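**Student:** Could you look at this predicted model? Sequence included:
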Amino acid sequence: MIVRLGLVLLVLQLAIVNSGCSGRVAATTTVSAAPVAPSITTQPASQTVTAGQTASFSVAATGTAPLRYQWNKNGAAISGATSSSYTTPATTSTDNGAQFTVVVNNTAGSVTSSAATLTVNTATPPTVVITSPTNGATLSGTITVAGTAADAVGVSNIQMQVDGGAFSSASGTTNWTFGLDTASLSNAAHTITARVTNTSGLTATTTVAVNVSNSSSIINVLNYGATGNGSTNDTTAINNAIAALQPGYELFFPCGTYQISAGLNAITKNNIAIAGQTGCGAVTIRSSGGGSTILQVGGSQSLSSPTPITATTADLDQTFQANFSAIGAGVGDYVFLSESVSSTDTSHSNCGGSGCRGEVLKITGLNGNTATVETAVHNVYDVNDVPWVQKLLNPVSGVTVQNLLLDGSGAAMYALAVLDAVNLNVNNLTLQNVSCSAIAAVNGYNDSYSTITITHAGTNNGCSIGGSAVSLQQQGNLTVNGVSISNMNVGGFGFIPFREANGTFSNISVDGTGTGSGRLFKTNSAAHNVFNNISTNRDEGAYYQGITIEYFSHHNVWNNCKVTNNVSSSGANNGINLYGDVANGNNQGSNHYNTFNNCTVTGNNGSAIFVSDNNNNLEINGGTYSAVAGLPVIDIGSPCCATNAYIHNASIGGPGSIGIYIENGSANACINNNTFTAGSGLGTAISSNSSGDLGLGNILNLLGSNLTLGVCGLLQP
C-alpha cells in the first residue's frame with residue numbers, strides 16, 4: 001500500500017552489512033527542508049562624497065545559501081558587481097543623484113533592495129602655502145623653500161617653478177620642502193611658484209617674490225662645505241665660513257641641523273649678523289664637544305690694567321675722575337668701574353661673597369682727568385674702597401645673533417658666550433642641554449636679548465665665565481625682553497645680572513621645578529634698573545628664595561613681579577629676600593630704594609618679603625602677599641634695622657603670624673591703606689618696634705596692630 005504525505009518524500013535506503021557469516025539490513029530516513037527565498041535585513045545606505053572620491057554600498061540578506069548579488073546603477077546592471085558590497089570608481093559630477101540597488105537571489109526566489117542615492121559634491125581645488133622664504137625676502141646661496149598643502153580628497157604632489165621655468169618635484173606633500181641654489185639666478189627680483197595637485201587632478205598655485213643677492217657679503221655655510229644633515233661633522237666647514245667674514249657680512253645657516261664636535265671659532269669682527277633661515281622650524285647647531293662653547297661673540301675678556309678713581313662719586317654723577325691716559329681711554333671708549341677691599345673702610349671690610357659695586361660705562365667727553373659718560377655713574381665709588389677703572393680693549397660691536405637653536409647635547413658648557421661685546425642684538429634663540437650657562441656675558445654695554453627659551457642649563461660651580469642659566473656680568477644699559485627658563489640642571493641657578501646698571505628687564509620667567517636647590521633670580525650689585533613681569537616658580541632649596549637682592553643692588557623698580565610655590569624640607573624659603581650685612585658678615589646689604597609695584601608673592605614656604613639690615617627706603621606699593629604659618633608675611637629689619645620702609649595699598653593674608661612686622665628698631669616706617677584678610681590665619685595685622693613708625697587707613701578686619709597713627713609718606717632720596 002502507498003501513502004502520500006503532502007510534500008514529504010519518503011526515501012527508503014537499504015544497507016546490507018556483512019558481519020562474519022551473518023548479514024543485517026539497516027534502514028535510514030532523511031527529511032530535507034525546502035529552500036528559503038532571500039530577505040534583505042539591512043538596506044544599502046545613501047552616500048555623499050566629493051568628486052574624485054569613491055563611494056561604497058553594502059547590503060545584508062538572509063535566505064538559503066548560496067545567495068547571489070547583482071548591483072545596478074540607475075536600473076542597469078553593473079558588470080562584475082556581484083558581492084554583498086560595491087565600491088564605485090572615482091566619482092565625477094555626472095554621478096550625482098545616481099540610484100544604486102542590488103538584487104539578491106537564490107534557488108527559491110529573489111528580492112530587490114530599496115534604492116540608495118549617491119550625492120557627489122563638486123570638488124574644491126587644493127591649497128598650497130609657501131612658508132619660507134617670505135614675500136620680499138633677500139636670498140643667497142642654497143636655501144630651503146618650505147611650505148604646506150591641504151586638500152579634502154588628498155594631495156598627490158608638489159612641484160616648484162622659478163620665473164616661469166620648468167616645474168620640479170618637491171619632497172613631501174602636506175608638509176614639503178625644496179632645495180634651491182640661488183647661485184644659478186641673477187642678483188635681481190625673482191618669483192618662486194609652488195603648484196599642488198590633488199588626487200582628483202585639480203591644481204592650485206601660490207607665489208612669493210624674492211630678491212637674490214649672492215654678493216660676498218652673505219656667507220652661506222653650505223657654500224663652505226657644511227651639510228646641515230644632522231650627522232656629518234660640519235665644524236671645519238662652518239669655521240671656514242667664519243674665517244671669510246668681514247665687517248658688515250652675514251653668516252647664514254639654511255634650514256637643517258649642523259653637527260659640530262667642538263666649539264666654533266669666535267666672532268671678532270664688527271657688525272656681523274649670524275642668522276638661521278626662518279620658516280622651516282628650528283635651524284640647529286648641535287655640539288658634542290665636551291666642555292665647549294657652541295657660539296662665542298668676542299675673542300676674550302680683555303681689560304686694561306686698572307687705574308684708580310681719584311675722587312669719590314655721587315650716585316648719578318655725569319662725570320668721574322681718573323688718570324685716563326694711563327689706560328689709553330678716550331672719547332667713545334667703554335670702561336669698567338669697580339672697587340676693591342680696603343682695610344681702612346671697616347664698613348666694607350669684605351665686599352660680599354660675590355664682590356662689590358661695578359658697571360660698564362661709555363665715555364662721551366674727556367677734559368683732562370675728568371670723563372663725561374653717556375648715561376650716569378650709577379654707584380657711589382668711595383676712594384676709601386679703592387675704586388678703579390679699566391678700559392675694554394677692542395670690544396666687538398654691532399653683532400646680531402638670531403633664529404637659531406643651540407644644543408649642547410649635555411656635553412658643551414656654554415651655548416652662547418658674549419665677551420667684551422657692545423651694541424649686541426640677540427633674538428629668537430632656543431638654548432638647551434649645556435652644563436653651565438646658556439648665556440654667559442662679561443663686559444658689555446647697550447646689549448639686547450629678546451625672545452629666548454632655555455632648558456637644561458645652569459649650575460652653581462665649576463664654570464669659568466658664569467654658571468647660572470643666564471649670567472650677565474659687568475654690564476651697562478642692558479635690555480632683556482622675553483626669556484623663559486625651565487627644566488634647569490639639578491642645583492642650577494637661573495638668571496643673574498651682576499655688576500650691572502641702567503638696564504630694563506621684562507617678561508622673564510624662571511621655573512625651578514626639579515632643581516632641588518639654586519637661586520632662581522638674583523641681583524648682585526645691580527643698580528638703577530627696571531624689572532617688569534619677573535616671574536619665578538618653585539624654588540626648591542632652603543633659604544635660596546625666589547628673588548634675592550644682594551650686594552649694593554639699589555634704586556631698582558619691580559613692576560608686577562610674581563613669586564610662587566617655593567618649597568623647602570629643612571628651612572624657610574622666602575618669596576623675595578633682601579640680604580643684609582650683619583647676619584653673615586659678608587656685607588651683602590646696601591640694597592636701598594627697591595620699589596615693588598603690584599607684585600604677587602604667595603604660596604611660598606617662608607615670608608613673602610624678608611628684609612635684612614641695611615636695606616633702607618624699601619617701598620611696597622599694592623600687590624598680594626602671604627606667608628607660611630608661623631612667619632611674618634612682610635618682615636622688615638632682621639637681625640637689625642632697615643629704615644624708611646613705605647608699605648601701602650597692599651593686600652596681606654595668612655597663613656602667617658604677623659601681616660607686617662617692623663622689628664629691631666627699624667625706624668620711620670610708613671604703613672598706609674593696606675588690607676589684612678580676615679579669616680586667613682593671620683595672628684596680628686601690624687607689629688612695630690619703633691615709635692617713629694606711623695600709618696593711616698589700614699583695614700585691619702579686627703586683627704591687632706600697635707602702629708602709631710599718623711600722617712606719613714614716601715621719603716625721597
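**Tutor:** In hand now; what should we look at? None of these values were measured; they are calculated from a predicted model.
**Student:** Under the pLDDT cut-off, which ranges of the stretch 251-400 of the chain? List them.
**Tutor:** 341-355 (pLDDT under 70).
**Student:** My error: substitute the stretch 601-717 of the chain in the last question.
**Tutor:** Applying pLDDT under 70 to the stretch 601-717 of the chain picks out residues 716-717.
**Student:** Which stretches in it count as strands?
**Tutor:** Secondary structure of the stretch 601-717 of the chain (DSSP state E, counting those that start in this stretch): strands at 609-611, 619-621, 624-626, 634-636, 646-648, 651-653, 656-662, 670-672, 675-676, 682-688, 694-695, 708-709.
**Student:** partners of the first one, with directions?
**Tutor:** According to DSSP bridges, strand 609-611 has the following sheet partners: strand 576-578 (parallel), strand 634-636 (parallel).
**Student:** Tell me the gap between that strand and the middle of its chain.
**Tutor:** 30 Å (Cα atoms, centre = their mean, to the nearest Å).
**Student:** about what we covered before: dump the strands paired with strand 609-611 into a markdown table; add distance to Ser687 and mean neighbour count as well.
**Tutor:** The C-beta positions use only the backbone N, C-alpha and C, and glycine is treated the same way. Compiled in a markdown table, these are given as follows (distance: least, Cβ to Cβ, whole Å; neighbours: other Cβ atoms under 10 Å):
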| stretch | distance to Ser687 | mean neighbour count |
| --- | --- | --- |
| strand 576-578 | 19 | 27 |
| strand 634-636 | 10 | 28 |
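**Student:** Thr64 - how many residues pack around it?
**Tutor:** A count of nearby residues for Thr64, using other Cβ atoms under 10 Å, gives 15.
**Student:** So the nearest residue to it once chain neighbours are set aside: helix, strand or coil?
**Tutor:** Excluding the flanking residues, the one nearest Thr64 by Cβ to Cβ, 6 or more residues apart in numbering is Pro35, at 4.2 Å. The assignment at Pro35 comes out as coil when based on DSSP: H, G, I helix; E, B strand; the rest coil.
**Student:** Do you know the pLDDT at Pro35?
**Tutor:** Note for Pro35: predicted pLDDT of 92.
**Student:** what residues are up against it?
**Tutor:** Under the criterion of Cβ atoms under 8 Å, 6 or more residues apart in numbering, the neighbours of Pro35 are 64, 106-108.
**Student:** again, only this time at 10 Å
**Tutor:** By Cβ atoms under 10 Å, 6 or more residues apart in numbering, Pro35 lies in contact with 63-65, 106-109.
**Student:** nearest to Leu139, of the residues you listed?
**Tutor:** Taking Cβ to Cβ as the measure, Leu139 lies nearest Ala65 of the contacts of Pro35, at 69.8 Å.
**Student:** Could you pull up phi and psi at the closest one?
**Tutor:** phi -70, psi 150 (degrees, to the nearest 10).
**Student:** do the same with the one 3 residues further on
**Tutor:** Arg68 has phi and psi values of phi -120, psi 140 when expressed as degrees, to the nearest 10.
**Student:** Enumerate the beta-bridge partners assigned to it.
**Tutor:** Asn105.
**Student:** what about it, distance to Asn594?
**Tutor:** 92 Å (Cβ to Cβ, to the nearest Å).
**Student:** which of these two has more neighbours?
**Tutor:** Asn594 (25 against 14).
**Student:** wouldn't that one be in contact with Ile620 here?
**Tutor:** Yes - at 9.4 Å, Asn594 counts as touching Ile620 under the criterion of Cβ atoms under 10 Å.
**Student:** Need the residues touching each of those two.
**Tutor:** Common neighbours of Asn594 and Ile620 (Cβ under 10 Å, 6+ apart) are 558, 576, 609, 611.
**Student:** Can you name the residues bridging to the second one?
**Tutor:** Put plainly, it is Ile576. Ile547, Ile609.
**Student:** so it touches Glu550, yeah?
**Tutor:** No - with contact defined as Cβ under 10 Å, Ile576 does not count as touching Glu550 (11.8 Å).
**Student:** got the domain boundaries for the protein?
**Tutor:** 1-123, 127-212, 307-391 (automatic domain parsing).
**Student:** Format those as JSON lines; extra columns: distance to Ala678.
**Tutor:** Below are these laid out as JSON lines (distance: least, Cβ to Cβ, whole Å):
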{"stretch": "domain 1-123", "distance to Ala678": "64"}
{"stretch": "domain 127-212", "distance to Ala678": "56"}
{"stretch": "domain 307-391", "distance to Ala678": "42"}
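**Student:** Quick check: which element contains the spatially most central residue of the chain?
**Tutor:** Centroid check for the chain by Cα atoms, centre = their mean gives Thr453 as the closest residue, at 3.7 Å. Here Thr453 sits within strand 448-455, counting by DSSP states H and E.
**Student:** what does Asn239 give?
**Tutor:** Going by DSSP H and E, Asn239 is part of helix 235-243.
**Student:** Could I get the average pLDDT for that helix?
**Tutor:** 98.
**Student:** Got phi/psi on the residue nearest to Thr62 when sequence neighbours are not counted?
**Tutor:** With sequence-adjacent residues excluded and distances taken as Cβ to Cβ, 6+ apart, Thr62 is closest to Ser39, at 5.3 Å. Dihedral pair for Ser39: phi -140, psi 130, per degrees, to the nearest 10.
**Student:** show me what contacts Ser39?
**Tutor:** Counted by Cβ under 10 Å, 6+ apart, Ser39 has contacts 61-63, 104, 109, 111.
**Student:** Name the member of the residues you listed with the most neighbours.
**Tutor:** Val104 (23 neighbours).
**Student:** right, and that residue touches Tyr69 too?
**Tutor:** Yes - at 5.7 Å, Val104 counts as touching Tyr69 under the criterion of Cβ under 10 Å.
**Student:** Neighbouring strands - and their directions - for the helix or strand following the strand holding Thr453?
**Tutor:** With elements assigned by DSSP H and E, the helix or strand that comes after strand 448-455 is strand 470-476. Using DSSP bridges, the strands paired with strand 470-476 are strand 439-445 (parallel), strand 495-501 (parallel).
**Student:** want to try JSON lines for the shared contacts of Asn594 and Ile620, with distance to Thr459 as columns?
**Tutor:** Listed next are the shared contacts of Asn594 and Ile620 as JSON lines, based on distance: Cβ to Cβ, whole Å:
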{"residue": "Trp558", "distance to Thr459": "26"}
{"residue": "Ile576", "distance to Thr459": "23"}
{"residue": "Ile609", "distance to Thr459": "28"}
{"residue": "Val611", "distance to Thr459": "29"}
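**Student:** okay, among those residues, which ones form the most distant pair?
**Tutor:** Trp558 and Val611 (13.5 Å).
**Student:** Spit out the residues that contact those two alike.
**Tutor:** With Cβ under 10 Å, 6+ apart, Trp558 and Val611 have common neighbours 549, 576, 594, 620.
**Student:** Dump the residues you listed to a markdown table, plus distance to Asn668.
**Tutor:** Output for the shared contacts of Trp558 and Val611, formatted as a markdown table (distance: Cβ to Cβ, whole Å):
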| residue | distance to Asn668 |
| --- | --- |
| Ile549 | 20 |
| Ile576 | 21 |
| Asn594 | 16 |
| Ile620 | 15 |
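**Student:** Surely Val510 touches Met488?
**Tutor:** Yes - counting by Cβ under 10 Å, Met488 is a contact partner of Val510 at 8.0 Å.
**Student:** Need the overlap of contacts for the two.
**Tutor:** By Cβ under 10 Å, 6+ apart, the residues touching both Val510 and Met488 are 454, 458, 468-469, 494, 518, 520.
**Student:** Out of these, which two sit at the greatest distance?
**Tutor:** Largest pairwise distance in the shared contacts of Val510 and Met488, by Cβ to Cβ, is 13.9 Å, between Ile454 and Gly518.
**Student:** Between these two, which contacts overlap?
**Tutor:** Shared contacts of Ile454 and Gly518 (Cβ under 10 Å, 6+ apart): 469, 488, 494, 510.
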